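A.B. asks: Kindly generate the corresponding structure for this input.
(one chain, ligands or ions: 1)
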Amino acid sequence: MADKINLIVDGNEIQAEQGKTLLEVAREYGKDVPTICYHDATTANALCRICVVEVEGQRVLQPACIVKAAENMKVQTRSEKVIRSRKTILEMLDSTMDLSEAAEIQVMMKDYEADPNRFPDAERREVPVKDDNPMYIRDYSKCLLCWRCVQVCADDAQYTFAINFEGRGYETQIGTFFDKAIPETTCVLCGQCVGVCPTGALKPKREFLLEQGMSPNEISVLNTGRKRRKEKPT
Ligand code: SF4
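C.D. replies: I've put the predicted structure just below:
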């Protein structure tokens with residue numbers, strides 16, 4: 001059995017298993033610590049910083065998804081500083097990308113009273129939808145670079161390594177090597193990236209086509225035609 005440690009979270013003395021992160025401990029005790037880049041199926045990497053908490057004695061807010069709980073730690077999960085930080089992160093995200101289909105983040109925006117017009121002059125990421133394979137589309141105008149898709153495509157799940165970060169600074173985005181179309185990469189169309197994407201940037205092709213106004217029948221005809229072309233001997 002793992003050793004227990006004692007710490008104080010939001011003024012309550014609690015016990016936690018040694019080795020657990022502040023996020024795990026906080027959630028065990030029913031604290032609502034929001035997460036975006038964090039996912040149960042992927043390695044925590046503290047990219048988005050929405051889960052920050054205040055730890056007494058630490059100069060800066062700590063990302064709860066990677067910082068381990070320690071003996072006698074005093075943690076605040078919703079102090080004024082924490083709320084201001086989360087609100088600003090949400091406002092910055094909403095100013096630069098399309099979060100219209102990110103349902104969980106929309107809930108956070110309301111919870112933290114984030115103002116979508118806080119940074120009206122921010123440059124928005126607006127890129128054309130990539131529709132290059134039969135299974136899913138990639139709409140990187142909705143991508144907040146959480147890295148979940150890259151992680152499940154790599155050694156957190158599929159070991160396919162078809163996508164990764166590319167570019168630098170503001171130009172950073174998710175892409176394939178040399179921007180190849182998906183069918184020309186190692187992608188096996190497993191769909192795990194679509195499953196973990198929190199914003200709708202990755203979406204099943206059928207859902208996309210229905211939203212574009214195509215009927216289920218038209219989509220079936222499209223798929224049948226595609227199958228026939230595939231079966232045709234070369
Ligand atoms: S495509 Fe989706 S899962 Fe991948 S980094 Fe962007 S938001 Fe995250």
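
A.B. asks: mean confidence score for stretch 160-175?
C.D. replies: Taken as a whole, stretch 160-175 carries a mean pLDDT of 91.

A.B. asks: Indicate whether it makes contact with the ligand.
C.D. replies: Yes. For stretch 160-175, a contact with the ligand is found by CB under 6 Å from any ligand atom, at I174. All C-beta spots, glycine's among them, are computed from the backbone N, C-alpha and C.

A.B. asks: Of all the residues in stretch 114-126, which ones are buried?
C.D. replies: Buried residues in stretch 114-126, counting neighbours by 16 or more other CB atoms under 10 Å, are found at A114, R125.

A.B. asks: contact partners of that stretch?
C.D. replies: With CB atoms under 8 Å, 6 or more residues apart in numbering as the test, stretch 114-126 has contacts from 87, 90-92, 94-98, 108-109, 140-141, 143, 170, 173.

A.B. asks: Who wins on neighbours among those residues?
C.D. replies: In terms of neighbour count, L90 stands highest of those at 26 neighbours, by other CB atoms under 10 Å.

A.B. asks: Confirm that one sits in a strand?
C.D. replies: No. Applying DSSP: H, G, I helix; E, B strand; the rest coil, one finds L90 to be helix, outside a strand.

A.B. asks: Could you measure from it over to D139?
C.D. replies: 20 Å (CB to CB, to the nearest Å).

A.B. asks: Phi and psi next, for E166.
C.D. replies: Phi and psi for E166, reported as degrees, to the nearest 10, are phi -140, psi 160.

A.B. asks: With the one 10 residues further on instead?
C.D. replies: For T176, the backbone dihedrals (degrees, to the nearest 10) come out as phi -100, psi 160.

A.B. asks: residues near it, how many?
C.D. replies: 19.

A.B. asks: right, and it touches A162 too?
C.D. replies: Yes. Under the criterion of CB atoms under 8 Å, T176 makes contact with A162 at 6.2 Å.

A.B. asks: If we only consider the contacts of stretch 114-126, which is nearest to the ligand?
C.D. replies: Checking the contacts of stretch 114-126 against the ligand by CB to the nearest ligand atom gives C143 as the nearest, at 3.3 Å.

A.B. asks: how far away is the closest residue to the closest one other than its chain neighbours from the ligand?
C.D. replies: Once flanking residues are discounted, C143 sits nearest to A201: 4.2 Å by CB to CB, 6 or more residues apart in numbering. Separation of A201 from the ligand (CB to the nearest ligand atom, to the nearest Å) stands at 4 Å.

A.B. asks: count of residues packed around A201?
C.D. replies: Neighbours of A201 (other CB under 10 Å): 25.

A.B. asks: residues in contact with it?
C.D. replies: By CB under 8 Å, 6+ apart, A201 lies in contact with R138, D139, Y140, S141, K142, C143, L144.

A.B. asks: quick one: pLDDT of it?
C.D. replies: For A201, the pLDDT comes out at 98.

A.B. asks: Flag every residue of this protein that's near the ligand.
C.D. replies: Within the chain, the positions adjacent to the ligand are 143-149, 174, 196-199, 201-202 by CB under 6 Å from any ligand atom.
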